[in-house]
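**Q** Dropping a prediction and its sequence here:
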Amino acid sequence: MGVCKVDKIIAKYTIKNPNITVDETMFDSGGMKKVYYAKDINNNNHYVLKIVEINDDNSEKRTRRELTILDSLKSEYFPEIYDVFDCQVDGKNYVIILEQRIYGINLRSYMKENKIPEAEAIDFCTHIIKALKIIHTEGLVHRDVKPENIMITDTKELVLLDFGIARDLTDTSITSDLSPYGPMTIGYAAPEQIKNNKRLISARTDFFSWAIVSAELLNGENPLKEGCQNQSEVLQKTLKVNELNLDINVSDNNIKKLIKKNLQYEVHKRSNNEEEILRFLEVEK
Amino acid sequence: MKFYLQQGSGMLQLNEEYAQEEPDVGFILSPRALNKNTGIERIKKHANELKSKGAEVLFDPQFYEPRTNLSKILRFPYFNDDSEVYMTQDFLGASAKTFAEKAIMYQEHELGVSSYIIPGIYTNSLSEDWLELFDNMLCGGNNSGDTDKLYFQTIALGKDAILSDHFDDFIGQCVLSAVDGYYIVLKKPSYIIDDPLYLYKVLDAIISIKLSGKKIIMGYGNQQDIMFTGAGIDGLATGNYQNVRSFDPDIFFEAEETIKKKSKWYFDENTFSEYKLPQLDLAFRRRDLKDKFGPKNSYNEVLLNSDRPTSVAINWSEKLSFKNYFSILNNICVSQKDRTLSEKMNFIKELFQDKKKNVEELSSFGVRIEDKGFSNDAFEATLGAIDSIISDRKFDLESFN
């Protein structure tokens, strides 16, 4: 997506929506996606504008699925979608998404900038689970819970982003059965994602990632990445996660056990639902 | 926690008597237990008789071996109308779904069961084909009858499947499934198992399935399977002869079934072992040894009151022997009912520790356990598996119920 092409795409959108102005300095990008700040000059509302290039059937399906998912999740834990616009520029298809702008920084940056006290870390862990509960109630699995996808707003609220690889358990899978790996972020993905074992993708898959993020919040380091030189080592470590001699720096012994329970290789040994997890986290609060 | 009688050959009358004597006991009826000369309508009549006594009736469709040549199973209406045996390749997809649905319909319309058992095929290898079949059976059977009743999906596995690397993934699939519960039948490596890892893996699986909120009935159980009440199973089924106290898929291939003449055995609660009467004669010669057998109940007192059990052998009927066995296992099941998961597991540990001690004591006086008895290795395996599971899943056992 060259600069001229982006201009053309944005122009297509602003012609149809003249009240929207777009700051053409891209502030984020990833995969086939570019993200810009935008504003409604009529009411001064601020947004982010995402341009997603559709280059094959799968990318279109994933984009549409993400939009459908976000549309079904109405909560302060998720950004709101205001508009979706399809366009074609120079023979290529794009989807433009106008989304709520979240003021704050992602958890990765927040962890770098702050020493997080135990109580605050547990509070974050609690809110991530509450957000996941809403997702799982809709029959969805996020599959990409990691600090980069968690925003901490200026008012210290938590927003979960990026449903790009979320799975709707009531719908057919987009990932090929023949793929050696499922879609994932190495270092946060559960073993069943690595093995692309679709039968086992469930809320418990997100609980594994939640447990990694929780351990990272409390220990300051991702236990799967610690000591690894490359992604391949992290993958191997994840597949041997039960061999980790992990200690979690938390005073409440039950929370320690709860995190370790959800860090197990075996799906059947992880927590059954969010209520079971919240029972221990909220006792602490 | 409910105790079930697993219907074996010649149990119709026994079932009816036991339903009268123990109204809380349930019954799992099955095609194979019927005499081949008896019409299948007999099972419907039997179900009605048991239900009229207030008993809970389930029906095991016994689809463990699709290529079974037992005509008394094949004649049931959920099998192919033309009585052709099923070949595996014919059974992927729609056929499996239809079959499971028909098996549920039979249970609903003909037998009026209280819960449904979704049929399952036995495997000793958790292959992708078998997993697909398992999914299809669930898809066809689940909620195809009365949705207010519970649906138990059959899990029929051999030792290699349980000890395989795929077993944990399979249990992962089971905890995520939408079914109400599982009817588990296992082809054991031996009647009394002395492999601690095997026992550990079964305990581990049961705990996870139970913690996922599903129910479990263990079928074809014996005294060692009482250990699984510690992991929270909801039902244990056992029957009269060994072939309904230990699952063997080979019995669905017999060309001609014969009921062998059985020796007279006494099942002793104190040692969880079975003894032939001459062995008891030898032990009962000493009052202090005789007192170690028991405790007495209304079924076994004819033997335990005698100084020479072989002299009262004529009064020690097979029926009394079976009822003695049932009542002992039933009482343990009932006693587990109101305990927490952690309490259940601790109770089971103490129970097997006591039995082990009693066997050792008798053994020190020369009383040998026989081939239906609990060897020291079997006790060690049982207690080792229990100790390991308590250690590994302490948090689960104590925190969840």
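**A** Yes, it's here. Numbers count the residues shown, from 1 in each chain, chains lettered A, B, ... in the order given.
**Q** Can you tell me which residues in the stretch 151-300 of chain B are near chain A?
**A** Within the stretch 151-300 of chain B, the positions lying close to chain A (C-beta under 8 Å from any C-beta of the partner chain) are B:168-169, B:171-176, B:204-205, B:208-209, B:211-213. No exception for glycine: its C-beta is placed from N, CA and C like everyone else's.
**Q** Counting neighbours, which of the residues you listed comes out on top?
**A** B:Ala205 (27 neighbours; other C-beta atoms under 10 Å in any protein chain shown).
**Q** Now that one. Nearest residue, chain neighbours left out?
**A** The shortest distance from B:Ala205 to any non-neighbouring residue, by C-beta to C-beta, 6 or more residues apart in numbering or on different chains, is to B:Ile171 (4.5 Å).
**Q** Chain A contacts on the stretch 301-401 of chain B?
**A** Checking the stretch 301-401 of chain B against chain A by C-beta under 8 Å from any C-beta, the hits are B:Arg393, B:Phe395, B:Asp396, B:Ser399, B:Phe400.
**Q** mind redoing it with 7 Å?
**A** For the stretch 301-401 of chain B, the contact set with chain A under C-beta under 7 Å from any C-beta of the partner chain comprises B:Phe395, B:Phe400.
**Q** what residue ranges in the stretch 301-401 of chain B are flagged as low confidence?
**A** Within the stretch 301-401 of chain B, the stretches with pLDDT under 70 are B:401.
**Q** In it, which residue sits nearest chain A?
**A** B:Phe395 (4.4 Å; C-beta to the nearest C-beta).
**Q** That residue: neighbour count?
**A** B:Phe395 has 15 nearby residues by other C-beta under 10 Å.
**Q** re earlier: which single one of the residues of the stretch 151-300 of chain B next to chain A is nearest to B:Lys349?
**A** B:Asp204 (15.6 Å; C-beta to C-beta).
**Q** now that closest one: how far from B:Ala231?
**A** 8 Å (C-beta to C-beta, to the nearest Å).
**Q** ranges for the strands of the stretch 101-250 of chain B?
**A** B:115-118, B:150-157, B:181-186, B:215-218, B:235-238 (DSSP state E, counting those that start in this stretch).
**Q** Can you add mean neighbour count and mean pLDDT and give those strands back as a markdown table?
**A** A markdown table is the format used below for the strands of the stretch 101-250 of chain B (neighbours: other C-beta atoms under 10 Å in any protein chain shown; pLDDT from 0 to 100):
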| stretch | mean neighbour count | mean pLDDT |
| --- | --- | --- |
| strand B:115-118 | 27 | 98 |
| strand B:150-157 | 24 | 98 |
| strand B:181-186 | 25 | 98 |
| strand B:215-218 | 24 | 98 |
| strand B:235-238 | 26 | 98 |
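**Q** could you dump these to a markdown table with distance to A:Ile9?
**A** Converted to a markdown table, these look like this (distance: least, C-beta to C-beta, whole Å):
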| stretch | distance to A:Ile9 |
| --- | --- |
| strand B:115-118 | 53 |
| strand B:150-157 | 52 |
| strand B:181-186 | 54 |
| strand B:215-218 | 56 |
| strand B:235-238 | 63 |
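**Q** in stretch A:96-110, what's buried?
**A** A:Ile96, A:Ile97, A:Leu98, A:Glu99, A:Ile102, A:Gly104, A:Ile105, A:Asn106, A:Leu107, A:Tyr110 (16 or more other C-beta atoms under 10 Å in any protein chain shown).
**Q** The residues you listed in helices, which ones?
**A** With DSSP state H as the criterion, helices contain A:Leu107, A:Tyr110 from among the buried residues of stretch A:96-110.
**Q** In CSV, list the buried residues of stretch A:96-110 along with pLDDT and distance to chain B.
**A** Below are the buried residues of stretch A:96-110 laid out as CSV (pLDDT from 0 to 100; distance: C-beta to the nearest C-beta, whole Å):
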residue, pLDDT, distance to chain B
A:Ile96, 94, 37
A:Ile97, 93, 32
A:Leu98, 94, 36
A:Glu99, 92, 32
A:Ile102, 93, 32
A:Gly104, 94, 34
A:Ile105, 95, 35
A:Asn106, 95, 31
A:Leu107, 98, 27
A:Tyr110, 97, 30
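**Q** I'd like to know which of the buried residues of stretch A:96-110 is nearest to B:Gly158.
**A** Nearest to B:Gly158 among the buried residues of stretch A:96-110, with distances taken as C-beta to C-beta, is A:Leu107, at 47.4 Å.
**Q** thought that closest one was touching A:Lys146?
**A** No - A:Leu107 lies out of contact with A:Lys146 (C-beta atoms under 7 Å); the separation is 8.3 Å.
**Q** Which residue would be the closest one in the stretch 201-350 of chain B to chain A?
**A** B:Ser208 (3.7 Å).
**Q** Confirm for me that that residue is in contact with A:His268.
**A** Yes - with contact defined as C-beta under 7 Å, B:Ser208 reaches A:His268; the gap is 3.7 Å.
**Q** intersection of neighbour lists for these two?
**A** B:Ile171, B:Val175 (C-beta atoms under 7 Å, 6 or more residues apart in numbering or on different chains).
**Q** out of the buried residues of stretch A:96-110, which are inside strands?
**A** Counting by DSSP state E, those place A:Ile96, A:Ile97, A:Leu98, A:Glu99, A:Gly104, A:Ile105, A:Asn106 in strands.
**Q** give me every residue that touches the fifth one.
**A** Contacts were defined as C-beta under 7 Å, 6+ apart; by that measure A:Gly104 touches A:Met151, A:Ile152, A:Thr153, A:Asp154.
**Q** Most neighbours among those, which one?
**A** A:Ile152 (22 neighbours).
**Q** was I right about it contacting A:Ser109?
**A** No - if you go by C-beta under 7 Å, A:Ile152 and A:Ser109 don't touch, sitting 8.6 Å apart.
**Q** For the stretch 251-400 of chain B, just list every one of the strands.
**A** B:265-268, B:273-276.
**Q** can you redo those strands as CSV with distance to A:Asn43?
**A** Below are the strands of the stretch 251-400 of chain B laid out as CSV (distance: least, C-beta to C-beta, whole Å):
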stretch, distance to A:Asn43
strand B:265-268, 82
strand B:273-276, 83
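**Q** now those in JSON lines, with mean pLDDT and mean neighbour count?
**A** Output for the strands of the stretch 251-400 of chain B, formatted as JSON lines (pLDDT from 0 to 100; neighbours: other C-beta atoms under 10 Å in any protein chain shown):
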{"stretch": "strand B:265-268", "mean pLDDT": "94", "mean neighbour count": "23"}
{"stretch": "strand B:273-276", "mean pLDDT": "93", "mean neighbour count": "22"}
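**Q** so how far is A:Asn149 from B:Thr38?
**A** In terms of C-beta to C-beta, B:Thr38 sits 65 Å off from A:Asn149.
**Q** Between the two, tell me which one has more neighbours.
**A** Neighbour comparison, B:Thr38 and A:Asn149: the larger count goes to A:Asn149, with 21 against 13 (by other C-beta under 10 Å).
**Q** How about the contacts made by that one?
**A** So A:Asn149 contacts A:Leu160, A:Leu161, A:Asp162 (C-beta under 7 Å, 6+ apart).
**Q** at 10 Å what do you get?
**A** A:106-108, A:142, A:159-164, A:185, A:188, A:209, A:213 (C-beta atoms under 10 Å, 6 or more residues apart in numbering or on different chains).
**Q** check contacts around the closest residue to A:Ile150 other than its chain neighbours.
**A** With C-beta to C-beta, 6+ apart as the criterion, A:Ile150 has its nearest non-adjacent residue at 4.1 Å, and that residue is A:Leu107. Contacts for A:Leu107 (C-beta under 10 Å, 6+ apart) come out as A:116, A:124, A:128, A:146-152, A:158, A:213, A:216-217.
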